[in-house]
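Engineer: Pasted the sequence and its predicted model underneath.
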Amino acid sequence: MTADQPEDSSPGVLNSAAGVEAGAVVQSGSIDVVNIHPYDRRTLLMVLGATVVVMVSVVALVVWSVRSQPDNATTGQAAPQSLSTSTSSAPRPTTASPAPNAPEAARQAPAVHVDSVQYIGVPNVGSSFAFPQALRLTDAQVAELSDLYAGAGDYEERARAMGGVGPGNVAVQIALRGASAETAVITNMRTIATCGAPLTGALLFAPPGGQDDSVQIGFNLDNPSPLPQNYERGVLSGNYFLDHTVSIKKDETHALVVHGITAKKHCKFKLEITVNVGLGVAPVKQTIDDHGKAFEVTAIASQDPSSTTGPAFRDYTEIYAGGVAGPKGDARFGRVNPTTYTGSGS
């Protein structure tokens, strides 16, 4: 290196002509221009051309691979799940459900039609009604209830429309009509019930004055698993469907009277019947309710001073007594004092 030469040479200058079309070579402090031989230019062009061909081939191969994959929509396979979805289990093999056979199809249709459902009076129970809250009736409203009770209208319908619940024993009359080509045989009935404390708001107290001698169906709702028992003159016994056959042919009608009974609680309940419609067909279960609502019954105070199962008269917010228990000696309703009332007189 000469004294007048800079210490740092330019870093961008290569001391070779290989791979460069025109470059500079430093020789003993002087710079000469070097030209590339024509054969080297052809070699470079061939390398570049081969590179382009390889790249085009790779792209074509990738495109072909993607297009050759089966389409999810046509093969019926599920699309891959994203990472944000649940990974609880791997895909499971599925099998097609068999077409329903004749017995299974028949099971879907009701075996009997419910033509009508209505509460009916229970002669040995009377026409009392309990409410969840006080009524605060005016004198005119009490007089109207008395007129309805005396036969001028439907007293029980009005009491229920006001929110009243029947006392201790409610009866529901159900009109059934056969809907199956085969004779429908009702083999069982059960209740679907929820129960709580008896209602002690207002009480319309109208105790019974007679008995009913017919044999009907009764459920003791104070029992955790009530059976469909024979109900006769207020007494429950046996199992109604073991003692009676209830069969209904197609388009034939049959009426059942069912009692829900409690001495301790306020219960809401629906009925479920089991119906057989022929050999080889599974029994049909049908639910019966009060036009979409549950039937209701509540324990009320008893005229028997020794009774300890239900509420006492003093537990009520207010009492309107009528019928044979009316405070005026007639059937008309009148207010009585819950703390002193015993079930008769004032």
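Structural biologist: Received, thanks.
Engineer: Which residue ranges of the stretch 201-346 of the chain form strands?
Structural biologist: 202-205, 216-220, 229-232, 235-237, 246-248, 253-261, 266-276, 284-288, 295-298, 318-321, 334-336 (DSSP state E, counting those that start in this stretch).
Engineer: tell me the phi and psi of the residue nearest to Q173 when sequence neighbours are not counted?
Structural biologist: Spatial nearest neighbour of Q173, excluding adjacent residues (Cβ to Cβ, 6 or more residues apart in numbering): I120 at 4.8 Å. In short, each C-beta sits where N, CA and C put it, glycine included. Main-chain torsions, I120, degrees, to the nearest 10: phi -130, psi 160.
Engineer: shaky segments in the stretch 51-200 of the chain?
Structural biologist: Low-confidence segments of the stretch 51-200 of the chain, defined by pLDDT under 70, span residues 52-54, 56-108, 152.
Engineer: Assess the claim that E296 and C267 are in contact.
Structural biologist: Yes: E296 lies in contact with C267 (Cβ atoms under 8 Å); the separation is 7.0 Å.
Engineer: Which of those two has more residues huddled nearby?
Structural biologist: C267 (26 against 20; other Cβ atoms under 10 Å).
Engineer: Tell me who's in contact with the more buried one.
Structural biologist: Neighbouring residues of C267 by Cβ atoms under 8 Å, 6 or more residues apart in numbering: 193-196, 221, 260, 296-298.
Engineer: Make CSV from these and add distance to Q141 to it.
Structural biologist: Formatted as CSV, the contacts of C267 follow (distance: Cβ to Cβ, whole Å):
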residue, distance to Q141
A193, 32
T194, 31
C195, 30
G196, 28
L221, 31
G260, 28
E296, 22
V297, 24
T298, 22
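Engineer: Tell me the buried residues within these.
Structural biologist: Buried by 16 or more other Cβ atoms under 10 Å: 193, 195, 221, 260, 296-298, out of the contacts of C267.
Engineer: Please, where are all the strands along the stretch 51-200 of the chain?
Structural biologist: Under DSSP E, counting those that start in this stretch, the stretch 51-200 of the chain gives strands at 112-120, 129-130, 169-178, 184-196.
Engineer: Out of these, which one sits most buried?
Structural biologist: strand 129-130 (a mean of 28; mean count of other Cβ atoms under 10 Å).
Engineer: ok, back up a step: is it true that the residue nearest to Q173 touches I174?
Structural biologist: No: with contacts counted by Cβ under 8 Å, I120 stays clear of I174, the gap being 10.3 Å.
Engineer: pLDDT at G278, what is it?
Structural biologist: On the pLDDT scale, G278 is placed at 84.
Engineer: For S180, see how far away it is.
Structural biologist: From G278 over to S180 the distance is 8 Å, taken as Cβ to Cβ, to the nearest Å.
Engineer: between those two, who's got more neighbours?
Structural biologist: Using other Cβ under 10 Å, the more surrounded residue of G278 and S180 is S180, with 20 against 14.
Engineer: can you redo the buried ones among the contacts of C267 as CSV with distance to R136?
Structural biologist: Output for the buried ones among the contacts of C267, formatted as CSV (distance: Cβ to Cβ, whole Å):
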residue, distance to R136
A193, 31
C195, 28
L221, 30
G260, 29
E296, 22
V297, 24
T298, 20
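Engineer: Looking at these, which is nearest T339?
Structural biologist: Distance to T339 across the buried ones among the contacts of C267 (Cβ to Cβ) is lowest for T298, with 20.8 Å.
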